[in-house]
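Q: Need coordinates for the below:
(one chain, ligands or ions: 1)
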Amino acid sequence: MEPIIQMTGLGRDFHVRERLRRRKVVAVDDLTVGVEPGEAVGYIGANGAGKSTTIKMLTGILVPTRGEVRTCGLHPVRERRRLARQVGVVFGQRSQLWWDLPVQESFRILAAVHALTGEAERARTGELVEQLEMADFLTTPVRQLSLGQRMRAEVAAALLHSPRLVILDEPTIGLDVLSKQRLREFLVAERRLHGTTLLLTTHDMGDVERLCDRVLVIDRGRLAYDGDLPGLSRTVGAERVLVVDLSEPVPDLLDVPGTRHLASEGHGLRQRLAFDAEATTAARVLADVSRRAEVRDLAVEEPDIEDVVRRIYAARR
Ligand SMILES: Nc1ncnc2c1ncn2[C@@H]1O[C@H](COP(=O)(O)OP(=O)(O)OP(=O)(O)O)[C@@H](O)[C@H]1O
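A: Okay, here's the model as predicted:
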């Protein structure tokens, strides 16, 4: 099958004026990545790493300086209108809704733009209204919506024409826990029902954990990692954490080989020990702890993904 996104040696420079000089900023460099139909890909990186620039090239907003890009088999700049029929884009910070119109009017206009009419329009709008729980604010002008409501309306607007590829730039930024959860559940369902391909940039690792089966890390314009989340943790040797509940309070377990004591609660009844999964195992740490105190319960926590990404950047400096 033809990849839905294919970037080959893709690059984009900007020339910025600094006092009297012009300085070249290489925003994206030598990016070669293919995304297959149906994949859900998290595109992550620090501020200024080049995520938005990549998305703008994928959607035809920016012309690349170097290399090639095909989105849905199309040339994004030259075939931008054809591409718009197959791609839905959500920019967390920018709206494609009409500020003074009720939400449902925006949907009607967008449906007309995409030549979606009659029963097809009713069915798709009905599906989105139900799944994104928008019935209560369909007649409310967009400017009066809460952020969570507006984001749901934005996502519905971008997905009204059932695009094959949905690109989301920071879709959950600023949302409360419940709104985030709703939006994520919707995207998971949309993908399951329609085989939609997702590409999302985010600083929220919860988005990546719950939505994506592949992660691309971009660092200063270049691809730093391409694989799954557990692999990302292994690559940087991130620590896991053993949490032990003990039968009686004991002093902090500071000398368990291969571990770092993180914290104690309840005068030492619960202790948290970080360990490097490459250097030792949870079983070995547990055996050592058991020699010092009776363990009533335990849990092993996976690496904190924020920490993982910080380590990737640090390793490349
Ligand atoms: N229009 C522009 N003119 C000049 N420089 C730009 C322009 N757009 C982006 N850049 C520069 O290109 C680099 C990459 O920016 P980009 O917006 O793609 O990063 P990002 O990963 O999306 O960051 P963020 O997470 O902060 O949104 C940065 O150094 C940025 O300052």
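Q: could you measure A123 against A111, distance?
A: 11 Å (C-beta to C-beta, to the nearest Å). Yep, even glycine has a C-beta here, placed from its N, CA and C like the rest.
Q: out of these two, which sits in the more crowded spot?
A: Ranked by neighbour count (other C-beta atoms under 10 Å), A123 and A111 place A111 first, with 20 against 11.
Q: The residue lying closest to A277 once chain neighbours are set aside is in what secondary structure piece?
A: Nearest non-adjacent residue to A277, counting by C-beta to C-beta, 6 or more residues apart in numbering: R240, 5.2 Å away. Assessed by DSSP states H and E, R240 sits inside strand 239-246.
Q: Which elements pack onto that strand?
A: Other helices and strands packing on strand 239-246, by 3 or more C-beta pairs under 8 Å, 6 or more residues apart in numbering; DSSP states H and E, are strand 259-265, strand 270-276, helix 282-292, strand 295-301.
Q: any chance of the ones you listed in TSV, plus distance to G9 and mean neighbour count?
A: TSV is the format used below for the helices and strands packed on strand 239-246 (distance: least, C-beta to C-beta, whole Å; neighbours: other C-beta atoms under 10 Å):
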stretch	distance to G9	mean neighbour count
strand 259-265	42	15
strand 270-276	36	20
helix 282-292	43	15
strand 295-301	40	13
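Q: now the strands for the protein?
A: With DSSP state E as the criterion, the chain has strands at 5-18, 21-35, 40-44, 66-71, 87-91, 165-169, 197-201, 214-219, 222-227, 239-246, 259-265, 270-276, 295-301.
Q: about what we covered before: relative to the ligand, which of the helices and strands packed on strand 239-246 is closest?
A: The ligand lies closest, by C-beta to the nearest ligand atom, to one member of these: strand 295-301, at 27.0 Å.
Q: Could you export the strands of the chain to JSON lines, including columns for distance to the ligand and mean pLDDT?
A: JSON lines is the format used below for these (distance: least, C-beta to the nearest ligand atom, whole Å; pLDDT from 0 to 100):
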{"stretch": "strand 5-18", "distance to the ligand": "3", "mean pLDDT": "95"}
{"stretch": "strand 21-35", "distance to the ligand": "3", "mean pLDDT": "95"}
{"stretch": "strand 40-44", "distance to the ligand": "9", "mean pLDDT": "95"}
{"stretch": "strand 66-71", "distance to the ligand": "14", "mean pLDDT": "97"}
{"stretch": "strand 87-91", "distance to the ligand": "10", "mean pLDDT": "93"}
{"stretch": "strand 165-169", "distance to the ligand": "8", "mean pLDDT": "96"}
{"stretch": "strand 197-201", "distance to the ligand": "7", "mean pLDDT": "96"}
{"stretch": "strand 214-219", "distance to the ligand": "7", "mean pLDDT": "92"}
{"stretch": "strand 222-227", "distance to the ligand": "12", "mean pLDDT": "93"}
{"stretch": "strand 239-246", "distance to the ligand": "26", "mean pLDDT": "91"}
{"stretch": "strand 259-265", "distance to the ligand": "29", "mean pLDDT": "93"}
{"stretch": "strand 270-276", "distance to the ligand": "28", "mean pLDDT": "92"}
{"stretch": "strand 295-301", "distance to the ligand": "27", "mean pLDDT": "92"}
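Q: So which bits of the lengthiest helix in the chain are buried?
A: Looking across the chain with DSSP state H, the single longest helix is helix 177-194. Buried residues in helix 177-194, counted by 16 or more other C-beta atoms under 10 Å: 179-180, 182-184, 186-187, 190-191.
Q: Outside of that helix itself, list whatever touches it.
A: Under the contact criterion C-beta atoms under 8 Å, 6 or more residues apart in numbering, helix 177-194 has outside partners 38, 40, 131-133, 147-148, 151-152, 155, 159, 162, 166, 168, 171-172, 175, 196-198, 204, 206-207, 210-211.
Q: From those, list the buried ones, please.
A: 40, 131-132, 148, 151-152, 155, 159, 162, 166, 168, 171-172, 175, 196-198, 204, 207, 211.
Q: Of those residues, which belong to helices?
A: In this view, the buried ones among the contacts of helix 177-194 that belong to helices under DSSP H are 131, 148, 151-152, 155, 159, 207, 211.
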